[in-house]
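> Sharing a model prediction with you, sequence too.
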Amino acid sequence: MRQDHLISATQLSRDDVEAVLDRAADIDADPAAWRQRHAGTVLGLCFFEPSTRTRMSFDTAMKRLGGRTVDMGPVESSSVKKGESLADTVRVVEGYGDAIVLRHPLEGAAKMASEFVDVPVINAGDGAGQHPTQTLLDLYTIRENAGLDDLTIGIMGDLKYGRTVHSLAEALTNFDARQHFISPESLRLPRNVRYDLHGSGAQVREHTELSEVLPELDVLYVTRIQRERFPDENEYRKVAGQYQIDADDLSDAKDSLTVMHPLPRVDEIAPEVDETAHAKYFEQAHNAVPVRMALLDMLLEDN
Amino acid sequence: MRQDHLISATQLSRDDVEAVLDRAADIDADPAAWRQRHAGTVLGLCFFEPSTRTRMSFDTAMKRLGGRTVDMGPVESSSVKKGESLADTVRVVEGYGDAIVLRHPLEGAAKMASEFVDVPVINAGDGAGQHPTQTLLDLYTIRENAGLDDLTIGIMGDLKYGRTVHSLAEALTNFDARQHFISPESLRLPRNVRYDLHGSGAQVREHTELSEVLPELDVLYVTRIQRERFPDENEYRKVAGQYQIDADDLSDAKDSLTVMHPLPRVDEIAPEVDETAHAKYFEQAHNAVPVRMALLDMLLEDN
Amino acid sequence: MRQDHLISATQLSRDDVEAVLDRAADIDADPAAWRQRHAGTVLGLCFFEPSTRTRMSFDTAMKRLGGRTVDMGPVESSSVKKGESLADTVRVVEGYGDAIVLRHPLEGAAKMASEFVDVPVINAGDGAGQHPTQTLLDLYTIRENAGLDDLTIGIMGDLKYGRTVHSLAEALTNFDARQHFISPESLRLPRNVRYDLHGSGAQVREHTELSEVLPELDVLYVTRIQRERFPDENEYRKVAGQYQIDADDLSDAKDSLTVMHPLPRVDEIAPEVDETAHAKYFEQAHNAVPVRMALLDMLLEDN
């Protein structure tokens, strides 16, 4: 990988992706060996939107590489409130950190920031835009559990607004994956995403019922349907209820089915599923650490 | 000590307690020797309620052992706001930290959390429940200043709602301690706590006036009477005023009397007392560091 | 330098200042050599007011010296809300950190705090009072770019309320500097500051137009004129507009002119100036790290 910044999953070739996943696997195999790898490095954390797991896992990743982090803190108590531009904020933080992790509510923010600074910028989510390290940890979890070759995956829930889903679907077009999208009509993949997927020759089908496709799946990726997408509470309950799974629903699945979820979940997956061998969503959350360690390591060694 | 988690002071035998206090004393005697003891360790801090001194002293303790911390941040900006369950949150944080410190407003939260994760969980306060490391640092301060054998202690203030007080009283039943409880009638020890103390054979007496017992005391443990416990402001002032001490009040005390307070204080102890040899409440606050270092060290080496 | 605390820039002699700047220059020349200098040290951060760059740069400085930091967190969720006094808070934090960085809204807070604790206290801004490390990094930036001997400096903007400006002006009286103050009539230097400057024999002149003095300047220090200083929005716009600079305004300046700003800026300096060789405000912000490292190093080695 020869990258200055990580802005979008689409900037990564299949080889790039595999290089990150390979390094993550190396780290997973022997984390203690990486403990001093980046001693002396300081990572700047700029979260213009709250985040628990993305922030904590980047923080953990840098520390497990022996480095330190400095955090801008909540935007409400920052210079941003005094009218400072994003470009100015990141140019200041560039003087503190050897790399910058940026989350921002506006699409394009990470790209813009990367044009103002000389240290690597990692996009940790820019509004409706990209969240490439989430995609990488999803791919890592799929590869570890089901493999990325000859994969049949179902992606279910809110496919219209889910940034995570769009990035993952796009990234999977680099691999030999059959993608099934399961959602209510009102939350289908947006037309532009469907066009892009078809344009890249992806093997894509859409469904409204999980049962149509469950027995074939190697991986089922569940996402949350947000109440605020529905004007009516009853309508929400009716629709959301159809895309929740429990242990019973999974009786038709392969024994080897891997169930994933980007978390946090609310009711999409019943707690009883946690006890089954299908449940890999906590493992998926934990994979954030080796994958973000791998990525930090590669960006820092190149720069 | 052979413990997976620290949920309650009651789970600790007298030998367990003494083992922690002995190790804290070792640390206090030569802190520099412990500086790299847990290099490479990451401690997850999950505070579902604000805390200054508990959070800061755990943070300090881990760092003085050479480790790192990752903090969930305020609950207002966490996944909890999206409806995530406590069980899910701690199972995610388990992937970041080698142990978890948990504060939560609901009694029983730490116990519940400990059942979902494989890393040690330390209860840093669960509502009206337990706060065992506070009890340990109180015991350490008593032992260092007055000894835990043949001890006469007075515990004064809000004895009804004070979690700290109940834990300490209970823990002292393992030692040769005469306990005097001094409070207004309306803030007496709850009946169940009194029953438990009597049941364990503790030497317990209750008073409404400090002067009845002050000359006998080796230790006076003062707690804050909270305004919100009284419907009427005047009633609050009248009652609280009777349980505040100044240098004059202490003229009848032994020269060796140790005055403690879990802090923060408001008016319970006049600033002039700070200048006397009785005042040990800042030392008590500082003891949080070696005691929490000792505890982290013991839980981490066992796991 | 033989100092226990750093409360005010005025406590520093010219020799003291130069010792800090010399050490900062040493650090800048070879930061890696300082990476383990204060391993094992813990710095307590007590910010009773929000701060982005001061807090982050102290945090970075301590970490780049190999140490750790523990942060009190926002005052809204601290013991202060329960009525704890500043004296109590710092006496507690003294048990956690080997030094304390304090920002507080009240003038005199840092001095008061320093009288209650045995560890070094560094004033990181006390209301309308002092912010001595800002002054040191300003002096460092001036020295690196224009030198502190035979200096002609213009200080422009809000000269009435700007704490930064008063400290800098005062510190410059130790050096061979001609100081020009450029501001609207309503935001002139306060009378007491002018008297002090004249009393110390400083070479001082006041202007309402930058053009009167721009061609002579080696350094132009721009500060923000805050909207809230003006009862009327239109009046604000009219006045503030006269003290904003763009590339065109600088055409009369020396090629070597150094433009500084304590940041954050809003409209005071047009973005196009960033691209010119005059712009040193980001470098100035970055200088916070070596200067604060130097200062921490000197206070910690003395104590």
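Happy to help now that I have it. Predicted, not measured: the structure shown is a model, and the values here were computed from it. Residues are numbered from 1 along each chain as shown, chains lettered A, B, ... in the order given.
> what's the distance between the residue in the stretch 1-150 of chain A that chain B sits nearest to and C:A177?
Among the residues of the stretch 1-150 of chain A, A:P50 lies closest to chain B, at 3.2 Å counting by C-beta to the nearest C-beta. C-beta coordinates here come from the backbone N, C-alpha and C atoms, glycine included. Applying C-beta to C-beta, to the nearest Å, the value for A:P50 to C:A177 is 46 Å.
> residues from chain A in reach of chain B?
Counting by C-beta under 8 Å from any C-beta of the partner chain, the positions of chain A adjacent to chain B are A:32, A:35, A:50-53, A:55-57, A:59-60, A:63-64, A:74, A:263-266, A:271, A:282, A:285-289.
> Run through who's touching the lowest-mean-pLDDT helix or strand in chain A.
Least confident helix or strand, chain A: helix A:233-241 with a mean of 85, by mean pLDDT, DSSP states H and E. Residues from elsewhere that reach helix A:233-241, judged by C-beta atoms under 8 Å, 6 or more residues apart in numbering or on different chains: A:P184, A:S186, A:L187, A:I225, A:R227, A:R229, A:F230, A:D267, A:E268.
> For chain B, what is the nearest residue in the stretch 201-303 of chain A?
Counting by C-beta to the nearest C-beta, the stretch 201-303 of chain A gets nearest to chain B through A:H286 (2.9 Å).
> And the average pLDDT for stretch A:178-185 is what?
The pLDDT scores in stretch A:178-185 average 96.
> So which bits of that stretch are buried?
A:R178, A:Q179, A:H180, A:F181, A:I182, A:S183, A:P184 (16 or more other C-beta atoms under 10 Å in any protein chain shown).
> who touches A:H131 in this structure?
By C-beta under 8 Å, 6+ apart, the neighbours of A:H131 are A:T54, A:N123, A:A124, A:G125, A:R163, A:T164, A:S167.
> Closest to B:T141 out of those residues?
A:T54 (40.4 Å; C-beta to C-beta).
> I'd like to know if the strand or helix carrying the closest one reaches chain C anywhere along the stretch.
Assigned by DSSP states H and E, A:T54 falls within helix A:53-64. No - under the criterion of C-beta under 8 Å from any C-beta, helix A:53-64 makes no contact with chain C; the nearest approach is 11.1 Å.
> you'd agree A:L151 is up against A:D218?
Yes - taking C-beta atoms under 8 Å as the definition, A:L151 is a contact partner of A:D218 at 5.5 Å.
> on that earlier part again, comparing A:P50 and C:A177, which shows the higher neighbour count?
C:A177 (23 against 17; other C-beta atoms under 10 Å in any protein chain shown).
> Not counting its neighbours along the chain, what's nearest that one?
Computed as C-beta to C-beta, 6 or more residues apart in numbering or on different chains, the closest residue to C:A177 that is not its neighbour in sequence is C:L151, at 4.3 Å.
> Tell me who's in contact with the one you found.
Per C-beta under 8 Å, 6+ apart, neighbours of C:L151: C:I142, C:L172, C:F175, C:D176, C:A177, C:R178, C:D218, C:V219.
> can you give me phi and psi for it?
phi -100, psi 140 (degrees, to the nearest 10).
> Relative to C:D176, how far out is it?
7 Å.
> cool, A:K238 as well?
80 Å.
> My read is that A:A253 contacts A:D218, right?
No - contact criterion C-beta under 8 Å: A:A253 and A:D218 do not qualify, at 9.7 Å.
> before we move on, the earlier item: just put the contacts of A:H131 in TSV and tack on secondary structure.
Formatted as TSV, those follow (DSSP: H, G, I helix; E, B strand; the rest coil):
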residue	secondary structure
A:T54	helix
A:N123	strand
A:A124	strand
A:G125	strand
A:R163	helix
A:T164	helix
A:S167	helix
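> Can you tell me which of the residues you listed is nearest B:H278?
A:T54 (49.8 Å).
> The closest one against A:G125, yeah?
Yes - if you go by C-beta under 8 Å, A:T54 and A:G125 touch, sitting 6.6 Å apart.
> Comparing these two, which residue is more hemmed in?
A:G125 (25 against 21).
> The more buried one and A:Q226, how far apart?
Applying C-beta to C-beta to A:G125 and A:Q226 gives a distance of 16 Å.
> those helices in chain A, which residues are they?
Taking DSSP state H, the helices of chain A run over residues A:14-29, A:53-64, A:86-93, A:109-114, A:132-145, A:163-172, A:191-199, A:233-241, A:271-274, A:281-286, A:288-302.
> out of those, deepest packed?
Compared across the helices of chain A, helix A:53-64 shows the largest average neighbour count, a mean of 25 (mean count of other C-beta atoms under 10 Å in any protein chain shown).
> Now find how far off-centre it is within its chain.
Distance, stretch centre to chain centre, for helix A:53-64: 14 Å (C-alpha atoms, centre = their mean, to the nearest Å).
> Give me the angle between it and helix A:132-145.
On the basis of axes from the mean of the first three to the mean of the last three C-alpha atoms, to 10 degrees, helix A:53-64 is oriented at 80 degrees to helix A:132-145.
> Name the residues of the stretch 51-200 of chain A found near chain C, please.
Close to chain C, as judged by C-beta under 8 Å from any C-beta, the stretch 51-200 of chain A has residues A:68, A:70-74, A:76-80, A:82-84, A:87-89, A:91-97.
> Now the buried members of those.
A:68, A:70-74, A:77-80, A:84, A:88-89, A:91-97.
> ok, now which ones touch A:H166?
A:L189, A:P190, A:V193 are the contacts of A:H166 under C-beta under 8 Å, 6+ apart.
> okay if I get the residues you listed as JSON lines plus pLDDT and distance to B:I7?
Below are the contacts of A:H166 laid out as JSON lines (pLDDT from 0 to 100; distance: C-beta to C-beta, whole Å):
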{"residue": "A:L189", "pLDDT": "95", "distance to B:I7": "46"}
{"residue": "A:P190", "pLDDT": "94", "distance to B:I7": "48"}
{"residue": "A:V193", "pLDDT": "93", "distance to B:I7": "48"}
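> buried stuff in stretch A:241-252?
A:Y243, A:Q244, A:I245, A:A247, A:D249, A:L250.
> wait, doesn't the fourth one sit right on A:P271?
No - in terms of C-beta under 8 Å, A:A247 does not count as a neighbour of A:P271; the distance is 9.7 Å.
> Can you pull the domain assignment for chain A?
Residue ranges for the domains of chain A, per automatic domain parsing: A:9-129+A:288-302, A:132-285.
> Quick check: pLDDT value at the residue of the stretch 151-300 of chain A found nearest chain C.
Proximity of the stretch 151-300 of chain A to chain C (C-beta to the nearest C-beta) peaks at A:L300, 14.6 Å away. pLDDT for A:L300: 95.
> Tell me if I'm right that it and A:I100 touch.
No - if you go by C-beta under 8 Å, A:L300 and A:I100 don't touch, sitting 11.9 Å apart.
> okay, and the common contacts of these two?
In contact with both A:L300 and A:I100: A:P120, using C-beta under 8 Å, 6+ apart.
> Tell me how far A:L45 lies from C:C46.
21 Å.
> who's more crowded, these two?
Neighbours were tallied for A:L45 and for C:C46 using other C-beta under 10 Å; the higher tally belongs to C:C46 (28 against 23).
> Quickly list what the more buried one is bridged to.
Counting by DSSP bridges, C:C46 is bridged to C:L102.
> if I pick the residue located most distally from the centre of chain A, what's in contact with it?
The C-alpha centroid of chain A is most remote from A:K82, which lies 31.6 Å away (C-alpha atoms, centre = their mean). By C-beta under 8 Å, 6+ apart, the contact set of A:K82 is C:P264, C:V266.
> buried stuff in stretch A:223-236?
A:T223, A:R224, A:I225, A:Q226, A:R229, A:F230, A:Y236.
> Sweet, I'm off.
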